[in-house]
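**Student:** With the sequence up front, the predicted model follows.
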Protein chains: 2
Amino acid sequence: MPTPAQHHRVSPGSRVDLGAIDPARTPGLSGDGDAERARAEGELREHTQRIAAMQERLYAEGSRAMLVVLQGMDCSGKDGVIRHVFGPVNPQGCRVVSFKRPSDEELSHDFLWRVHARVPRRGEIGVFNRSHYEDVLIVRVHGTIDDREARSRIDRIARFEEHLAASGTTVLKFFLHISKGEQRSRLLDRLREPDKRWKWNDGDLAERKSWDRYMRAYEDAIAGTSLAHAPWHVIPADKKWYRNWAVASIVREALDAMDPKPPRMDLDPDSVRIE
Amino acid sequence: MPTPAQHHRVSPGSRVDLGAIDPARTPGLSGDGDAERARAEGELREHTQRIAAMQERLYAEGSRAMLVVLQGMDCSGKDGVIRHVFGPVNPQGCRVVSFKRPSDEELSHDFLWRVHARVPRRGEIGVFNRSHYEDVLIVRVHGTIDDREARSRIDRIARFEEHLAASGTTVLKFFLHISKGEQRSRLLDRLREPDKRWKWNDGDLAERKSWDRYMRAYEDAIAGTSLAHAPWHVIPADKKWYRNWAVASIVREALDAMDPKPPRMDLDPDSVRIE
């Protein structure tokens, strides 16, 4: 049976048609709705415990890092993934960075500058809530950059991520794929539920109007940056429990493949005298 | 008559033989020693005034930057170039960064991390006193990295500098080329002159023993990173006045070619009412 990574990973050189991927799919799980969900939630706990344990080994090893990039339309569940998948990891070993509208300081540099400054240290798992990909998405959809500049930036992102990978950072990228209908329902929740209302932003409605252009911009970005060492995953995200389970499964699988090992101590403990 | 840039610039794809370049040459100047020197010192003043004026325009334009990378053996004159060529530039618009032995924090990231964090903002001239090139020089000479890793890093440096260039930063690199005999004489000065003795470092003598290996490492680095948009210049540096004149000439020429222009004001000042 294929692993979640095999289900959702975008092959290098290929192009995804987001319109052809049902955001409500749940591949890799089976059974009726309730049984699937119960199994996903149980396995999520196992996965997150394993992720936390492997991050400790990564830290002890001290030579490699992992960078998880979360992208998706508003309400697609980036915050939810951070809470459910990375919440259980030791916060000293897991650095979450949310990229907002760039500051004047940031805009006065090239677009990768602020991103490079915040990549995880060796031993850490870094999680980007939005990322350098916004620099080929929102600015492209709004016409701040043209197609030519977008292509140039996409190439440069690929080279940058190759550099990170060559420097020992495993890069995993996730596009949380929700339907326009599911976004509507979650936006309505934000309006109606007082403890979610703080997330409301009139701008979100404006971005929603550009939905199709965002999908094309995502397809281009994903096609140009699906690298063997920095793969994209398109995660069906209409069902939150599936989304969390799938991301956790893929992160766990990647950490298992890295197989970090604490360094061998050549010191003989018996030789140490504490006086 | 060729410009200093044409004299000293390394063509993309070519390889320099440092042993074949006399560090005491003074191409582009003529006359006997004293007349040459007087002319160089006079023109240096003109060049630095022009550099300072052009940096102001670069700042007003606010869309591009210049990065000057200074490399060379110990005593080759990196500090001297900073004082004589960039001293006259407005310090608000000129950011000098000296890269020392990396900190634990820096070592816990990829080798380009600390460098990227310190590149000049748009509008600035940034000067690197040593740089990311140390990561393919000293560590290679000492065997901390092998040839394969050095080649990988050299490629990644080239990609990184292409990214900076594509982002609007003109990158100029200078190898200050001194002879082993001239280094000996300057090291003796350090020992003998009390106000220079603070620069003495026993480690310098150790590096001097690896002179030939450094030259090979420099030749490889220069061959792999001589890019049209981030060229290397091999500056004969046994004569300090020639070194300063040549670097200033090349920086001035590059700024003139950039031709920065303050943005046009579309605002009609008469339309503004201050009440």
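**Tutor:** Received, thanks.
**Student:** which helix is the longest one in chain A?
**Tutor:** If you go by DSSP state H, chain A has its longest helix at helix A:33-61.
**Student:** Next, the angle from the very next helix or strand once past it to helix A:33-61.
**Tutor:** Heading C-terminal from helix A:33-61, the first helix or strand you meet, by DSSP states H and E, is strand A:65-72. Angle of strand A:65-72 versus helix A:33-61, following axes from the mean of the first three to the mean of the last three CA atoms, to 10 degrees, is 140 degrees.
**Student:** Which strands border strand A:65-72, and is each parallel or antiparallel?
**Tutor:** Using DSSP bridges, strand A:65-72 pairs in its sheet with strand A:125-129 (parallel), strand A:169-177 (parallel).
**Student:** by contact count, what packs against whichever helix or strand comes after the last one?
**Tutor:** Put plainly, it is strand A:169-177. Reading on from strand A:169-177 to the C-terminus, the next helix or strand found by DSSP H and E is helix A:180-192. Helices and strands touching helix A:180-192, by 3 or more CB pairs under 8 Å, 6 or more residues apart in numbering or on different chains; DSSP states H and E, are helix A:202-209. C-beta coordinates here come from the backbone N, C-alpha and C atoms, glycine included.
**Student:** List of residues touching the helix it packs on?
**Tutor:** Residues outside helix A:202-209 that contact it (CB atoms under 8 Å, 6 or more residues apart in numbering or on different chains) are A:73-75, A:138, A:141, A:180, A:183, A:187, A:214.
**Student:** got the contact list for residue A:223?
**Tutor:** Neighbouring residues of residue A:223 by CB under 8 Å, 6+ apart: A:10, A:14-16.
**Student:** Return the set of buried residues in the helix or strand of chain A with the lowest mean pLDDT.
**Tutor:** One helix or strand of chain A scores below all others by mean pLDDT, DSSP states H and E: helix A:202-209, with a mean of 84. Buried residues in helix A:202-209, counted by 16 or more other CB atoms under 10 Å in any protein chain shown: A:207-208.
**Student:** tell me which residues in the next helix-or-strand element following that helix are buried?
**Tutor:** On the C-terminal side of helix A:202-209, the nearest following helix or strand under DSSP H and E is helix A:211-225. Across helix A:211-225, burial judged by 16+ other CB under 10 Å covers A:214-215, A:217-225.
**Student:** Also stretch A:47-54?
**Tutor:** By 16+ other CB under 10 Å, the buried positions in stretch A:47-54 come out as A:47-48, A:50-52, A:54.
**Student:** okay, these in a markdown table with pLDDT next?
**Tutor:** Formatted as a markdown table, the buried residues of stretch A:47-54 follow (pLDDT from 0 to 100):
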| residue | pLDDT |
| --- | --- |
| A:47 | 97 |
| A:48 | 95 |
| A:50 | 97 |
| A:51 | 96 |
| A:52 | 93 |
| A:54 | 95 |
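**Student:** tell me which of those residues is nearest to chain B?
**Tutor:** Distance to chain B across the buried residues of stretch A:47-54 (CB to the nearest CB) is lowest for residue A:54, with 18.3 Å.
**Student:** What residues does that closest one make contact with?
**Tutor:** When contacts are counted by CB under 8 Å, 6+ apart, residue A:54 is found next to A:252, A:255-256, A:258, A:260.
**Student:** Among the residues you listed, which lie within helices?
**Tutor:** Short answer: the contacts of residue A:54 in helices (DSSP H) are A:252, A:255-256, A:258.
**Student:** which of the residues you listed come close to chain B?
**Tutor:** By CB under 8 Å from any CB of the partner chain, no member of those lies near chain B.
**Student:** Any of those residues buried? List them.
**Tutor:** Counted by 16+ other CB under 10 Å, the ones in helices among the contacts of residue A:54 give A:252, A:255, A:258 as buried.
**Student:** I'd like those residues as TSV, with distance to residue B:115 and pLDDT appended.
**Tutor:** Listed next are these as TSV, based on distance: CB to CB, whole Å; pLDDT from 0 to 100:
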residue	distance to residue B:115	pLDDT
A:252	33	98
A:255	29	98
A:258	26	97
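**Student:** and chain A, which residues reach chain B?
**Tutor:** Counting by CB under 8 Å from any CB, chain A sits next to chain B at A:62, A:105, A:108-113, A:116-117, A:119, A:121-123, A:152, A:156, A:159-160, A:162-164, A:166-169.
**Student:** Of those, which belong to helices?
**Tutor:** Using DSSP H, the members of the residues of chain A next to chain B that fall within helices are A:105, A:113, A:116, A:152, A:156, A:159-160, A:162-164, A:166.
**Student:** Who wins on neighbours among those?
**Tutor:** residue A:160 (26 neighbours; other CB atoms under 10 Å in any protein chain shown).
**Student:** Look up the closest residue to that residue, ignoring the ones flanking it.
**Tutor:** residue A:112 (5.4 Å; CB to CB, 6 or more residues apart in numbering or on different chains).
**Student:** what sits against that neighbour?
**Tutor:** Each residue near residue A:112 by CB under 8 Å, 6+ apart is listed here: A:132, A:156-157, A:160, B:116, B:163, B:167.
**Student:** which residues of chain A score low on pLDDT?
**Tutor:** The model of chain A has pLDDT under 70 over residues A:31, A:194-199, A:265-275.
**Student:** Let's see that with 80 instead.
**Tutor:** A:1, A:30-33, A:92, A:193-204, A:263-275 (pLDDT under 80).
**Student:** Now do residue A:88 against chain B, distance only.
**Tutor:** Residue A:88 sits 23 Å away from chain B, taking CB to the nearest CB, to the nearest Å as the criterion.
**Student:** you'd agree that residue is up against residue A:47?
**Tutor:** No: between residue A:88 and residue A:47 there is no contact under CB atoms under 8 Å: 9.4 Å.
**Student:** if we can go back for a sec, can I get the contacts of residue A:112 in JSON lines with distance to residue A:27?
**Tutor:** Below are the contacts of residue A:112 laid out as JSON lines (distance: CB to CB, whole Å):
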{"residue": "A:132", "distance to residue A:27": "29"}
{"residue": "A:156", "distance to residue A:27": "33"}
{"residue": "A:157", "distance to residue A:27": "28"}
{"residue": "A:160", "distance to residue A:27": "31"}
{"residue": "B:116", "distance to residue A:27": "39"}
{"residue": "B:163", "distance to residue A:27": "37"}
{"residue": "B:167", "distance to residue A:27": "40"}
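**Student:** Closest to residue B:40 out of those residues?
**Tutor:** Distance to residue B:40, by CB to CB, is smallest for residue B:167 among the contacts of residue A:112, at 34.2 Å.
**Student:** and the residue of the stretch 151-275 of chain A nearest chain B?
**Tutor:** Proximity to chain B, evaluated over the stretch 151-275 of chain A using CB to the nearest CB, is greatest for residue A:167 at 3.3 Å.
**Student:** hang on, the earlier thing: mean neighbour count, the strands paired with strand A:65-72: which tops it?
**Tutor:** Compared across those, strand A:169-177 shows the largest average neighbour count, a mean of 25 (mean count of other CB atoms under 10 Å in any protein chain shown).
**Student:** which residue packs closest to residue A:200, ignoring adjacent ones?
**Tutor:** residue A:190 (5.0 Å).
**Student:** count of residues packed around that neighbour?
**Tutor:** By other CB under 10 Å, the residues close to residue A:190 number 17.
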